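J.: let's see this in three dimensions:
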Amino acid sequence: MKWASWTDFVLGLWLIVAPFALGYGSVGRGRGEDVLFGVLIAGFALWRSLINDDSPMVGVSWIVALAGLWVLFAPFALGYSAVGAAVTNDVIVGAIVFVLGVWQSLSHPHHEAHQAHTSITS
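T.: Predicted coordinates for the structure are as follows:
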């Protein structure tokens, strides 16, 4: 499952450079949102990637998922939906980050139940 965290990490890095690479770096809200949430997504995804799988870090995965959801809707909420490259990029990247974050969040419920059972019986 590490691949999902690493994918989110790369997508976070992409968000940081996308405004400049795709030519919407002059759109203040779009640029600022992508850079800020790119750093947030990349940082939390990297943290999740480097932690042992014995600790699923469900909360961190939910933070990444919610950040992805925001990126998905940001062009419409912040008013830069007329910038085609920004909208296309944010919708695609945001959707992928959201889906991977939710998937990671929901993929370890048995682990938490096992941890609770282990600590009770110990």
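J.: make it CA atoms for all contacts and neighbour counts henceforth
T.: Noted.
J.: and the pLDDT for His111?
T.: With respect to pLDDT, His111 scores 49.
J.: state the distance from Ala105 to Val83.
T.: Rather than Ala, residue 105 is Ser. From Ser105 over to Val83 the distance is 32 Å, taken as C-alpha to C-alpha, to the nearest Å.
J.: so which of the two has more stuff around it?
T.: Each of Ser105 and Val83 has its neighbours counted (other C-alpha atoms under 10 Å); Ser105 has more, 20 against 14.
J.: hmm, Val64 and that one touching each other?
T.: No - using C-alpha atoms under 8 Å as the test, Ser105 is too far from Val64 to be in contact (9.5 Å).
J.: so what's the residue count around Phe37?
T.: For Phe37, the count of nearby residues is 21 (other C-alpha under 10 Å).
J.: Ser26 too?
T.: For Ser26, using other C-alpha under 10 Å, the count is 11.
J.: that one: what secondary structure?
T.: coil (DSSP: H, G, I helix; E, B strand; the rest coil).
J.: over to Asn52?
T.: Once three-state DSSP is applied, Asn52 turns out coil.
J.: mean confidence for the helix or strand encompassing Gly12?
T.: Assigned by DSSP states H and E, Gly12 belongs to helix 2-21. Confidence over helix 2-21 (mean pLDDT, whole number) is 93.
J.: what mean pLDDT does stretch 62-69 get?
T.: Per-residue scores along stretch 62-69 average to 96.
J.: I misspoke; the intended subject was stretch 32-40.
T.: For stretch 32-40, mean pLDDT is 95.
J.: make sure Gly43 is actually in contact with Leu11.
T.: No - between Gly43 and Leu11 there is no contact under C-alpha under 8 Å: 11.0 Å.
J.: so for the two, which residue has more residues nearby?
T.: Leu11 (21 against 17).
J.: what's the neighbour count on the residue nearest to the more buried one when sequence neighbours are not counted?
T.: Nearest residue to Leu11, sequence neighbours excluded (C-alpha to C-alpha, 6 or more residues apart in numbering): Val93, at 6.6 Å. Neighbour count of Val93, defined by other C-alpha under 10 Å: 20.
J.: then Thr88?
T.: Applying other C-alpha under 10 Å, we find 14 residues neighbouring Thr88.
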